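Asker: Make a model of this:
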Amino acid sequence: MIISSKWILVACSFSGQIPESIGDLEQLIYLSLNLNQFSGRIPASIGRLSDLYWFDIADNQIEGTLPVSNGTSSPGLDMLLETKHFHFGKNKLSGVIPETLFSSKMTLIHVLFDGNNLTGDIPDTLSLVKTLTVLRLDRNKLTGNIPTSLNNLTNLQELYLANNEFTGSLPNLTSLTSLYTLDVSNNTLEFSPIPSWISSLRSLATLRMEGINLNGSIPNSFFSPPQLQTVYSNQLEFVDLQYNDIDVYTQPSSNTRIQVILADNPVCQEMGNSPSYCTAIPHNTSYSTIPTTCSPCDHDREASPLCRCAHPFTGTFNFRAPSFSGLFNSTNFEILQKDITGFFNKFSYPVDSVAVRNIRDNTTDHQLLIDLLVFPLGRESFNETGMLLVNFAFSNQTYKPPPIFGPYIFIADPYTQFSDGGGSKSSNMGVIIGAAVGGVVLLLLLTLAGVYALRQRKRADRATDQNNPFAKWSTSKSSIDAPQLMGAKSFTFEELKKCTDNFSEANDVGGGGYGKVCVFSVALINGLYLKFLIPNLSDGETGLQRYSSLGATHCNQKSSTRIFARRVGIQN
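Answerer: Numbering: from 1, shown residues only. Purely as a prediction, here's the structure:
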């Protein structure tokens, strides 16, 4: 049975529980089940998928606790030492984050647990995962102090702890020199001024500290370090300090790139006029990389960046943890457009150009949403093959965006204006999509059931064969259980050594050509000798493999004794 190493079942409207038997798919390296309606618990058996690289169950209704192993028979997520991605956001996971979930042996780079019902403290063991670059624990029910051990995650670039129930003070995180985003908003922390160590975070790009009981004034020294380059705002130049108790602020004059949002602070409530720093932040923009100088297109076509009218393939990027914030710095979006175009050109996709537009910030989780348009090369519409190639580049994560955009998912829009076959193919497309989804569901069910049954059968057969390789053969002359000449049988080198008593001379009954003829250890069954042509033992398994390529199969008659002789094959 051939089992794919990648399962990408995104936004397929699947429901029900993820079966425990999924842990039998040992070849699996990529499991993406996000944007469905799966419920129930995370199967503990997934801990047996030792090669799993990507595990994404975000945007479902998964509930229960995070499974960890018990050290003996029960597996758990802590066994996934090669996994780089835990994307569990927007589910109904509950309970504490187990101390034993994390260890120094893990190689995780993304831990996205946002938007669940997790409780308790952040375990100190999390700081043992030195490879972490993105940590999202926002929008849970976590309590206690924010641990100082987070300062050990020196590779961390994104840290989201907003909308929990943390108390105490904000720990010193000066070792996080790679940190782009820090969001600790909406926690009941102790009243305190803005921490002075914030200005030492030389890579900081986004700072959100809404509603955490900051008070006093904002010191001018806070804006002096040149390293603090682009901070959250509508122009990537703001620090978001809304809903605090700041009563004194002097707008800096020496560095106009760094500004502040202070809406709903006393300093804004006391002013008659509302300065710019007392204005809330917009969350969308009409920015587009399509030139406004292009002539209008007709027949539902759109103008490409090269002002050519066509039917583009469209969809939406959902960037889960971008390392920048704000919507009006067009440079980042131009970089994305050029990067996607370069990818398609490098690998000769049937793509003329790409455009991005309708850029917006999700106000709940601050994920970045960007609409994408991909225009066909040399024609008005994609054919089905071209459209599928383009879609697969994103759904399969073949395309990797610039690092500042972080992890993403892509949701394609329906495409009906195919160029092959003439006219609209909406009905055909429905059949294709229906067949594809049905096929995936069938494959899923059959694979899980088949793998489980096959594994159980193999275990039983292996136990029987090891005790007596011929236990299932009848000695009756009329029996058809004995092997028939229906094609070559393959044996491993170790099996041959065992069955011939390590190729004992006692079993050597002749020779000729390449190698010798060796009788099977169970020598005679109703006059049937099983003999194997093997190479000289000095060649070992290499010689055995070389000889097996000769393709020799023999059936010889010798007097009244039937001799069954076949070439040796190697089973890996």
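Asker: residue contacts, the spatially closest residue to residue 98 that is not a sequence neighbour?
Answerer: Excluding the flanking residues, the one nearest residue 98 by Cβ to Cβ, 6 or more residues apart in numbering is residue 68, at 4.8 Å. The C-beta positions use only the backbone N, C-alpha and C, and glycine is treated the same way. Counting by Cβ atoms under 8 Å, 6 or more residues apart in numbering, residue 68 makes contact with 76-78, 98, 100-101.
Asker: And the furthest pair within those?
Answerer: Farthest pair in the contacts of residue 68 (Cβ to Cβ) is 77 and 100. Separation: 9.7 Å.
Asker: Looking at the two, which one has more neighbours?
Answerer: Remark: of residue 77 and residue 100, residue 77 carries more neighbours, 23 against 14, as counted by other Cβ atoms under 10 Å.
Asker: In this structure that one contacts residue 45, no?
Answerer: No: Residue 77 is not in contact with residue 45 according to Cβ atoms under 8 Å; the separation is 10.7 Å.
Asker: Quick check: residue 372 is in a strand.
Answerer: Yes: counting by DSSP: H, G, I helix; E, B strand; the rest coil, residue 372 is found in a strand.
Asker: Residue numbering should commence at 342 henceforth.
Answerer: With 342 as the first residue, the last one maps to residue 713.
Asker: Can I get the contacts of residue 409 in CSV including secondary structure and distance to residue 738?
Answerer: Output for the contacts of residue 409, formatted as CSV (DSSP: H, G, I helix; E, B strand; the rest coil; distance: Cβ to Cβ, whole Å):
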residue, secondary structure, distance to residue 738
417, coil, 26
418, helix, 21
419, helix, 25
439, coil, 28
441, helix, 30
442, helix, 25
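Asker: give me the beta-bridge partners of residue 752?
Answerer: Residue 752 has the following beta-bridge partners by DSSP bridges: residue 657.
Asker: Now stretch 399-409: buried residues?
Answerer: Buried residues in stretch 399-409, counted by 16 or more other Cβ atoms under 10 Å: 399-401, 403-404, 407-409.
Asker: circling back to that earlier point, as JSON lines, the contacts of residue 409 with pLDDT and distance to residue 701 would be great.
Answerer: Listed next are the contacts of residue 409 as JSON lines, based on pLDDT from 0 to 100; distance: Cβ to Cβ, whole Å:
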{"residue": "417", "pLDDT": "98", "distance to residue 701": "38"}
{"residue": "418", "pLDDT": "98", "distance to residue 701": "33"}
{"residue": "419", "pLDDT": "98", "distance to residue 701": "37"}
{"residue": "439", "pLDDT": "98", "distance to residue 701": "36"}
{"residue": "441", "pLDDT": "98", "distance to residue 701": "40"}
{"residue": "442", "pLDDT": "98", "distance to residue 701": "34"}
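Asker: what's the closest of these to residue 659?
Answerer: Nearest to residue 659 among the contacts of residue 409: residue 418, at 23.8 Å, using Cβ to Cβ.
Asker: quick one, what contacts the closest one?
Answerer: By Cβ under 8 Å, 6+ apart, the contact set of residue 418 is 383, 387-388, 407-409, 427, 442.
Asker: what about it, distance to residue 443?
Answerer: Residue 418 sits 10 Å away from residue 443, going by Cβ to Cβ, to the nearest Å.
Asker: Then residue 433?
Answerer: Using Cβ to Cβ, we find residue 433 at a distance of 22 Å from residue 443.
Asker: thinking again about what came up before, and the residue nearest to residue 439, that one's in a helix?
Answerer: No: under three-state DSSP, residue 409 falls outside any helix and is assigned coil.
Asker: which intervals of the chain have sub-threshold pLDDT?
Answerer: Within the chain, the segments meeting pLDDT under 70 span 342-345, 562-579, 594-600, 612-614, 667-669, 761-913.
Asker: Break down it into its helices, ranges please.
Answerer: Counting by DSSP state H, the segments of the chain that form helices are 607-610, 671-687, 725-736, 767-808, 834-840, 881-889.
Asker: give me every residue that touches the residue nearest to residue 459 when sequence neighbours are not counted.
Answerer: Spatial nearest neighbour of residue 459, chain neighbours left out: residue 481 (4.3 Å); criterion: Cβ to Cβ, 6+ apart. Counting by Cβ under 8 Å, 6+ apart, residue 481 touches 454-460, 504-505.
Asker: so of these, which ones are in strands?
Answerer: Taking DSSP state E, the ones among the contacts of residue 481 that sit in strands are 458-460.
Asker: Give me the buried entries from those.
Answerer: By 16+ other Cβ under 10 Å, the ones in strands among the contacts of residue 481 give 459-460 as buried.
Asker: and the ones in strands among the contacts of residue 481 as a markdown table, adding distance to residue 557?
Answerer: Formatted as a markdown table, the ones in strands among the contacts of residue 481 follow (distance: Cβ to Cβ, whole Å):
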| residue | distance to residue 557 |
| --- | --- |
| 458 | 35 |
| 459 | 33 |
| 460 | 32 |
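Asker: in the longest strand along the chain, what counts as buried?
Answerer: Of all the segments of type strand in the chain, defined by DSSP E, the longest one is strand 692-702. Neighbour counts over strand 692-702 (16+ other Cβ under 10 Å) mark 692-698, 700-702 as buried.
Asker: Return the list of helices and strands in contact with that strand.
Answerer: For strand 692-702, the elements it packs on are helix 671-687, strand 709-717, judged by 3 or more Cβ pairs under 8 Å, 6 or more residues apart in numbering; DSSP states H and E.
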